[in-house]
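Visitor: Turn this into a structure:
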Amino acid sequence: MAKRLIIICIYLALLFLIAYVIYGFLKSDETCFDKIKNQNEEDVDCGGKCSPCGIIKAQSLSVQNSGFVENGRPKEYDAWAIVSNPNNSFGAKSFEYEIKLKGSSGETLAQRNGAGFVLPGDRKYIVESNIFSDVSPREIQLEIKETEWVEFSNYYEKPNLGIVSKNYRQVNSGAGFSEASGLLRNETPYDFNVIKVQVILKDFGGNVVALNSTEMRTVKSGEEREFKSLWINRFSGEVANIEAQAEINIFESEAFIKNAAADKK
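Guide: Down below sits the predicted model:
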């Protein structure tokens, strides 16, 4: 009986030793190449005791053009600027900017801070309305402060949001001076919670004479919806062209209602 117990103990010890060896072989130590965020890493396999996390080498956003217009209310102005993203694989998830209206001597008359986003390879209007200034400004300055970049490793295609049938007219009766309208087409496979439309009115020389914006809620895939922008106060200048820009913040999950293409499968 004693011999049997000894033999069983030896077998159990051997089994334990084999299991321990197999466990040690299968269990790899935490390394900087295990594709897991562990140790004291700042991100997966980088930072901390590993090599520094890669720095995004993106070209800076640029301001292509800017200006301001009187909005029809005393001592109030609407400012605009066109911000361009030269990177095709990096999107600006957010960027901060500072707008200054300056006088004839270069002094700052009014200032407005804001934030926005720009998709890869895109250019968009930044609009700030109702900026108050006691003195008529002479020029505008827009400075981009900080940018948070996101890399698109796979193929990126800008959301296809078309705008057609644009129209502008002065209001002959009722409240308001004039209005612009058009049709927005959601030609993507996604349903969106909110889409913002910037409306820019220009004269025959291509100069901006008025600005406005509107938001459209719950726009479904394949849907065509009318939008309108109303100007309450009279503004100077003759309108010859309407430029409308639809934008959707794809960096925010709240912007999407559902994936229509996935639901159809």
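
Visitor: pLDDT below threshold where in the protein?
Guide: Within the chain, the ranges that satisfy pLDDT under 70 run 21, 23-29, 33-35, 51-52, 54-56, 155, 258-265.

Visitor: From the recorded domain assignment, give the ranges for it.
Guide: 62-151, 161-259 (automatic domain parsing).

Visitor: Strands of the stretch 101-250 of the chain, residue ranges please.
Guide: With DSSP state E, counting those that start in this stretch as the criterion, the stretch 101-250 of the chain has strands at 108-118, 123-132, 139-151, 161-170, 178-186, 190-202, 208-219, 224-231, 241-247.

Visitor: Of all these, which one is nearest residue 49?
Guide: Closest to residue 49 of the strands of the stretch 101-250 of the chain, according to CB to CB: strand 139-151, at 24.1 Å. No exception for glycine: its C-beta is placed from N, CA and C like everyone else's.

Visitor: circling back: how about the strands of the stretch 101-250 of the chain in TSV, adding distance to residue 2 and mean neighbour count?
Guide: Formatted as TSV, these follow (distance: least, CB to CB, whole Å; neighbours: other CB atoms under 10 Å):
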stretch	distance to residue 2	mean neighbour count
strand 108-118	79	16
strand 123-132	87	17
strand 139-151	70	15
strand 161-170	85	13
strand 178-186	84	20
strand 190-202	76	20
strand 208-219	82	18
strand 224-231	89	16
strand 241-247	85	18
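
Visitor: export those to CSV and tack on distance to residue 86?
Guide: Converted to CSV, the strands of the stretch 101-250 of the chain look like this (distance: least, CB to CB, whole Å):
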stretch, distance to residue 86
strand 108-118, 10
strand 123-132, 9
strand 139-151, 12
strand 161-170, 22
strand 178-186, 27
strand 190-202, 21
strand 208-219, 23
strand 224-231, 30
strand 241-247, 18
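
Visitor: Could you save the domains of the chain as CSV and add columns showing distance to residue 4?
Guide: Shown next, in CSV, are the domains of the chain (distance: least, CB to CB, whole Å):
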stretch, distance to residue 4
domain 62-151, 66
domain 161-259, 65
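
Visitor: To residue 1, which of those domains lies closest?
Guide: By CB to CB (comparing all of the domains of the chain), the closest turns out to be domain 161-259, at 69.0 Å.

Visitor: Tell me the gap between the closest one and the middle of its chain.
Guide: Domain 161-259 sits 18 Å away from the centroid of its parent chain (CA atoms, centre = their mean, to the nearest Å).

Visitor: so who does residue 73 touch?
Guide: 130, 233 (CB atoms under 8 Å, 6 or more residues apart in numbering).

Visitor: any idea how far it is from residue 131?
Guide: 11 Å (CB to CB, to the nearest Å).

Visitor: One more: residue 11?
Guide: Taken as CB to CB, the span from residue 11 to residue 131 is 86 Å.

Visitor: and if you look at residue 211?
Guide: Relative to residue 131, and taking CB to CB, residue 211 is found at 11 Å.

Visitor: what sits in contact with each of these two?
Guide: residue 78.

Visitor: picking that back up, of the domains of the chain, which approaches residue 17 most closely?
Guide: Using CB to CB, the domains of the chain put domain 62-151 closest to residue 17, at 48.2 Å.

Visitor: Centre of the chain to the closest one, how far?
Guide: 15 Å.

Visitor: Let the chain start at 664 from now.
Guide: With the count now opening at 664, the last piece we talked about shows up as domain 725-814.

Visitor: so residue 751 makes contact with residue 784?
Guide: Yes: when contacts are counted by CB atoms under 8 Å, residue 751 is listed as touching residue 784 (4.5 Å).
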